[in-house]
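*Asks:* generate coordinates for the sequence data below:
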Amino acid sequence: MTLIDNLLVGFAVALQPSNLALAFVGCLVGTLIGVLPGLGPLATLAILLPITFHFPAESALIMLAGIYYGAQYGGSTTAILVNLPGESSAAVTCIDGHQMARQGRAGVALATAAYASFAAGTIATLIIATLSLPLSQLALMFGPADYFALMLFGLVGATALSSGSMMKSVGMVLVGILLGLVGLDINSGVQRYTFGLPPLMGGISFVALAIGLFGIADIMANLTKGPPSESAAAAKISSIWPSRSDVRAAWAPALRGTGIGALLGILPGGGALLSSFAAYAVEKKVSRHPERFGRGAIEGVAAPEAANNAGAQTSFIPMLTLGIPSNAIMAVMVGALMMQGISPGPQVMTTRPDLVWGLIASMWVGNVMLLVINLPLIGLWVRLLAIPHATLFPAILLFCCIGAYGVGNSTFDVMLAAGFGAFGFLLLRYGCPVAPLIMGFILGPMLEENFRRAMIIARGDLTIFAVRPISACFLLATLLLIASFVAPNIWRRRDEIFSED
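*Replies:* Numbers count the residues shown, from 1 in each chain. This is a model prediction of the structure:
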């Protein structure tokens, strides 16, 4: 099938009334989550996972994807109006966006963010459609050794690019892999780390883990911060139409941001957050007037907003074509597919083209919906900031408990979610990144399975990883990635030793 044929299949799925409704719900919820500080898209996806079990796989993925890229749109609204990023990737937008609002140009800043996001989302959708088929055909050449090397590269990449201490990130990956090993061994049938508890024989519930680490832990962390400051007042909005000079100043940064976001979204550990920071740094570097940044430069709004939307959407490429999540949110998406009995990877492109191309087509539909949802309803989104945390958080906590119980009708899963919530809160308290843990939990069992298959094929000969070109390339890339982060620390320590002498 050609690209056009595949897109026609995709739009036939995406334009079904039920899928249009779910795409709209996803975009609406995503915008709401983006506007409200505290509960990001990762926690929301984890909480809503149990609901998706009752939908067809393509419908579930369409809704979850809408929440993810919808949150990127919504996060800019509060970042610009009240200098409070509703979503972490919108933190950079606060710098110049709120300054524009203080200068009476809030409408222009919001419109620039929306239009840049729409353009970036549209271009990113075309990139996904163009690259998905060739990459999936390439992935069919992968054997177990190649998949092992690819997953190892993904884990190391996610660890290297995560925020905070490198050692803490490595530790979190190892904890995630350990949790993924709980249950019956697939080959021998031996129980591993079940502590004699029958509910753990089938492994730790992904829904309970995700709801605990992201939903409940986030609520606990937000409660310790206390209520938000009452001094933040939303800026008044006048015109939302950028002038010609604004358009001339913004279009090139938006395109550069789209390119940066599209590239970083594909890489392990990439996505919206890394893309927005990188785009802002590049714009400040290439600008003829860098002193304008931080004082209301429209380029400082257009570039990061385009980048975070492009990065959010292209992060689907490795998940759809290779079955490898590039970040924690994509790991939740993989979990949603596994709940539906679908193993992500290149075979999905041929066995379920309606799912893959339906999702791709729905992204363009969702971008149009988000443009319509965001600009006319700006006043409504700002008023939602008045909802007190005392009302919001108990309702979310109740929803978490219902979701954890609903998948397996098990009170053990609710207790497990509560336990992981407390564990996740401690991790946040001590600065340990949670995203590498969820990556380790998803990829750990797949890593083990492919390693065993490779060893069976090679009869225990480890050189299979070196003689196969694909696995050798990924292992070399992994070593180079490790060296790029370890070497600067070694040289810095060496310089400190010599300076002391």
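*Asks:* just the CA coordinates for stretch 480-489, please, in CSV.
*Replies:* Coordinates of each C-alpha in stretch 480-489 appear next as CSV, following Å, rounded to 0.1, in the frame of the first residue of the first chain:
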residue,chain,number,x,y,z
LEU,A,480,29.4,6.3,22.7
LEU,A,481,26.4,7.7,24.6
ILE,A,482,27.8,6.5,27.9
ALA,A,483,31.3,7.9,27.1
SER,A,484,29.8,11.3,26.1
PHE,A,485,28.4,11.7,29.7
VAL,A,486,31.2,9.9,31.6
ALA,A,487,34.2,11.5,29.9
PRO,A,488,33.5,15.2,30.9
ASN,A,489,33.2,14.1,34.6
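*Asks:* model confidence over that stretch, on average?
*Replies:* Stretch 480-489 shows a mean pLDDT of 75.
*Asks:* list the buried residues for it?
*Replies:* residue 481 (16 or more other CB atoms under 10 Å). Any C-beta I mention is one placed from the backbone N, CA and C, and that applies to glycine too.
*Asks:* do stretch 44-56 as well
*Replies:* 44-52, 55-56.
*Asks:* which residue packs closest to residue 429, ignoring adjacent ones?
*Replies:* residue 221 (7.6 Å; CB to CB, 6 or more residues apart in numbering).
*Asks:* tell me the contacts of the one you found?
*Replies:* Shown in contact with residue 221 (CB atoms under 8 Å, 6 or more residues apart in numbering): 425, 428-429.
*Asks:* by neighbour count, which of those residues wins?
*Replies:* Among those, residue 425 has the most neighbours (other CB atoms under 10 Å), with 20 neighbours.
*Asks:* surely that residue is within a helix?
*Replies:* Yes: counting by DSSP: H, G, I helix; E, B strand; the rest coil, residue 425 is located in a helix.
*Asks:* name the helix or strand for the most centrally placed residue in the chain, please.
*Replies:* By CA atoms, centre = their mean, the chain has its centre lying nearest to residue 329, at 3.5 Å. Secondary structure assigned from DSSP states H and E places residue 329 in helix 328-339.
*Asks:* restricting to C-alpha, output that helix in CSV.
*Replies:* Taking C-alpha atoms only, helix 328-339 is exported to CSV below (Å, rounded to 0.1, in the frame of the first residue of the first chain):
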residue,chain,number,x,y,z
ALA,A,328,7.7,7.7,30.1
ILE,A,329,4.4,8.8,28.4
MET,A,330,5.1,6.5,25.4
ALA,A,331,5.8,3.7,27.9
VAL,A,332,2.2,4.3,29.3
MET,A,333,1.0,4.1,25.6
VAL,A,334,2.8,0.8,25.3
GLY,A,335,1.1,-0.4,28.5
ALA,A,336,-2.3,0.6,27.0
LEU,A,337,-1.7,-1.5,23.9
MET,A,338,-0.5,-4.5,26.0
MET,A,339,-3.7,-4.3,28.0
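*Asks:* right, and the helix or strand after that helix?
*Replies:* Counting by DSSP H and E, the next helix or strand C-terminal to helix 328-339 is helix 346-351.
*Asks:* buried ones in the next helix or strand after that next one, by neighbour count?
*Replies:* Next helix or strand after helix 346-351 toward the C-terminus (DSSP H and E): helix 353-374. Neighbour-count burial for helix 353-374, with 16+ other CB under 10 Å as criterion, is recorded at 353-367, 369-371, 373-374.
*Asks:* okay, the buried residues of stretch 44-56 in a markdown table with pLDDT and distance to residue 146 next?
*Replies:* Below are these laid out as a markdown table (pLDDT from 0 to 100; distance: CB to CB, whole Å):
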| residue | pLDDT | distance to residue 146 |
| --- | --- | --- |
| 44 | 81 | 34 |
| 45 | 84 | 29 |
| 46 | 80 | 30 |
| 47 | 80 | 35 |
| 48 | 82 | 34 |
| 49 | 81 | 30 |
| 50 | 80 | 34 |
| 51 | 82 | 35 |
| 52 | 81 | 30 |
| 55 | 87 | 33 |
| 56 | 88 | 31 |
